[in-house]
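Colleague: sequence first, then the predicted structure, then my questions.
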Amino acid sequence: MYETIYHRPSSVDEAVALFGKGSDSKYLAGGHTLIPVMKQRLAAPSDVIDLGKIKELIGIEASGDTLTIKAATTYFDIMQSADVKKSIPAIAYLTSVLGDPAVRYRGTIGGSIANNDPAADFPAALVSLGATVKTNKRSITADDFFKGLFTTALEDGEIITQVSFPVPAKAGYEKMRHPASRFALTGVFVTKTKAGDVRVAATGASQNGVMRVPVIETALKANWSAAALDSVKVSDSGMLADIHGSAAYRANLVKVMAQRAVTAAG
Amino acid sequence: MSTIKLTVNGKAVSADVEDRTLLVHLLRENLNLTGTHVGCDTSQCGACVVHIDGRAVKSCTVLAGQAAGSNVTTIEGISKGDELHPMQLAFRDNHGLQCGYCTPGMIMSSIDIVHRHGGKLDEETVRQELEGNICRCTGYHNIVKAVLDAAGRMKVSQAAE
């Protein structure tokens, strides 16, 4: 790891000010992506601004039809939260299959979505549930937030403060876990909203990162059941292909994981 | 350089280190606590697991600065003098190690597992929860036996306290 300067601000405003002073600053949340990348010398920020101890960025609130998770809340605390288990249990389940216990103690929802790894779990949940990302500057819908591999709508220095999820009628998540990295080889989050709309998002599938899957949405809107997807074929055009699986394999996984997610959602 | 102050195994300590220093290196090189190992150095293997404020984390993926002000417990801090921690005893009695390289991390993760699950621990849960700790010698069978054994002993020793 190259030399860097570590800062631990106690407020969002202080973090933004520190970010602006560094020549090439980076925000640090749980650190389980940024620190490995710094160790590989693929990132060499002049300044590392730690958001992990900012109290206004930690916590979970459930009120009526909305579940709000603040950005620096760890996966473990999300997984354990009674509010999450009650309002959107699929999110609690998603965090329980994310990484391993030591990673879940450190990783945060804000870090996951700011990084936007094409195989990360949370982007699928945000897009499927139609979440809203709030930053220190504005609110961004999940559909507008994710912009492709490792790319988001965030501007330089902008900080995610919280994510708000509309509480759905039904939601489920299933993924094929890569056995070594525990990332999603492909994962699918399905949502039936209280208004009856269906939104389906897949991670670890498209070359452009998290994607909606209209062909599955249409089928599930007509008939919310795993069987409704039996005859659906997901196109492999634009799908990731690598040593772990071909584009056709991933396209098929999208359908199979969607079927399992619908079953899990009930 | 920064001066990092934290509590390690119950003692207040401080060290002057570069900001890029990882917690595992602060422990091993500045505090000479070499029981915590660096295995893969990529957050996969768990040989470097220590407790920060009671939570088992991979110290190769935490900057020393992130741990400032925290309570850190390493493998050196869990026995009472010559009296081994029940988890250490269980690993010894069940032959839960061969080369021993992964053992400090295994034990620190396992104590955290028992703390979280208490008496409700079963074999499947232990296997799932140890997925972030890799052992290349034992095939895990005796490690899992040791954790289940220790879960019983820790319940007894907690009840006795």
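Modeller: Now that the structure is in, tell me what you want to look at. Numbering: from 1, shown residues only, chains lettered A, B, ... in the order given.

Colleague: got the residues of chain A near chain B?
Modeller: Contact residues, chain A versus chain B (Cβ under 8 Å from any Cβ of the partner chain): A:1-6, A:8, A:28, A:31-32, A:35-36, A:38-39, A:48, A:50, A:52, A:76, A:99-103, A:105-106, A:180-182. From N, CA and C alone the C-beta is placed, and that goes for glycine too.

Colleague: selection in PyMOL covering whichever of the residues you listed are buried, please.
Modeller: In PyMOL syntax, the buried subset of the residues of chain A next to chain B is picked out as below (16 or more other Cβ atoms under 10 Å in any protein chain shown):
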select buried, chain A and resi 1+4+5+6+8+28+31+32+35+36+38+39+48+50+52+76+99+100+101+102+103+105+106+182
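
Colleague: where in chain B is pLDDT low?
Modeller: Residues of chain B meeting the criterion pLDDT under 70: B:158-161.

Colleague: counting by contacts, list what the longest helix seen in it packs against.
Modeller: For chain B, the helix with the greatest residue count under DSSP state H is helix B:141-160. Using 3 or more Cβ pairs under 8 Å, 6 or more residues apart in numbering or on different chains; DSSP states H and E, the elements in contact with helix B:141-160 are helix B:86-93, helix B:103-117, helix B:123-129.

Colleague: give me the residues contacting stretch A:200-208.
Modeller: With contact meaning Cβ atoms under 8 Å, 6 or more residues apart in numbering or on different chains, stretch A:200-208 is reached by A:118-121, A:123-128, A:148-149, A:175, A:183-191, A:209-213, A:216-217, A:220, A:238-240, A:250-251, A:253-254, A:257-258.

Colleague: the residues you listed, buried ones only, as a ChimeraX selection?
Modeller: What follows is the ChimeraX syntax selecting those of the contacts of stretch A:200-208 that are buried according to 16+ other Cβ under 10 Å:
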select /A:118,119,120,121,123,124,125,126,127,128,175,183,184,185,186,187,188,189,190,191,209,210,211,212,213,216,217,220,239,240,250,251,253,254,257,258
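
Colleague: the contacts of stretch A:200-208 in helices, which ones?
Modeller: Using DSSP H, the contacts of stretch A:200-208 in helices are A:123-128, A:216-217, A:220, A:250-251, A:253-254, A:257-258.

Colleague: is stretch B:41-53 anywhere near chain A?
Modeller: Yes: contact between stretch B:41-53 and chain A, assessed by Cβ under 8 Å from any Cβ, occurs at B:41, B:42, B:43, B:44, B:46, B:49.

Colleague: now render these as a markdown table, adding secondary structure and neighbour count.
Modeller: Shown next, in a markdown table, are the residues of stretch B:41-53 next to chain A (DSSP: H, G, I helix; E, B strand; the rest coil; neighbours: other Cβ atoms under 10 Å in any protein chain shown):
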| residue | secondary structure | neighbour count |
| --- | --- | --- |
| B:41 | coil | 17 |
| B:42 | coil | 13 |
| B:43 | coil | 25 |
| B:44 | coil | 20 |
| B:46 | coil | 28 |
| B:49 | strand | 31 |
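
Colleague: how near is residue A:164 to chain B?
Modeller: According to Cβ to the nearest Cβ, to the nearest Å, residue A:164 stands 27 Å off from chain B.

Colleague: count of neighbours near that residue?
Modeller: Per other Cβ atoms under 10 Å in any protein chain shown, the neighbour tally for residue A:164 reads 18.

Colleague: what average pLDDT does the helix or strand hosting it get?
Modeller: Assessed by DSSP states H and E, residue A:164 sits inside strand A:160-166. Mean pLDDT, computed over strand A:160-166, is 98.

Colleague: mind giving me the packing neighbours of that strand?
Modeller: Applying 3+ Cβ pairs under 8 Å, 6+ apart, we find strand A:160-166 packed against strand A:66-70, helix A:109-115, helix A:122-129, strand A:132-135.

Colleague: just want the angle from the third one to strand A:66-70.
Modeller: Orientation note: helix A:122-129 sits at an angle of 160 degrees relative to strand A:66-70 (axes from the mean of the first three to the mean of the last three Cα atoms, to 10 degrees).

Colleague: for helix A:122-129, which helices and strands make contact with it?
Modeller: Short answer (3+ Cβ pairs under 8 Å, 6+ apart): helix A:122-129 packs on helix A:89-96, helix A:109-115, helix A:142-145, strand A:160-166, strand A:170-177, strand A:184-192, strand A:198-203.

Colleague: to chain A, which of the helices and strands packed on helix B:141-160 lies closest?
Modeller: With Cβ to the nearest Cβ as the criterion, chain A lies closest to helix B:123-129 of those, at 5.5 Å.

Colleague: what about the closest one, distance to the chain center?
Modeller: Here helix B:123-129 is found 17 Å from its chain centre; the criterion is Cα atoms, centre = their mean, to the nearest Å.

Colleague: neighbouring contacts of that helix?
Modeller: Applying Cβ under 8 Å, 6+ apart, the contact partners of helix B:123-129 are A:100, A:101, B:109, B:110, B:113, B:117, B:140, B:144, B:147, B:148.

Colleague: would you point out the most distant pair within those?
Modeller: Greatest spatial distance among the contacts of helix B:123-129 (Cβ to Cβ): A:100 and B:148, at 19.1 Å.

Colleague: please report phi then psi for the residue in the stretch 1-150 of chain A that chain B sits nearest to.
Modeller: Here the stretch 1-150 of chain A gets closest to chain B at one residue, residue A:100, 2.8 Å apart by Cβ to the nearest Cβ. Backbone geometry at residue A:100, expressed as degrees, to the nearest 10, gives phi -130, psi 180.

Colleague: so what's residue B:118 closest to, chain neighbours aside?
Modeller: Distance criterion Cβ to Cβ, 6 or more residues apart in numbering or on different chains; nearest residue to residue B:118, sequence neighbours excluded, is residue B:155 at 7.0 Å.
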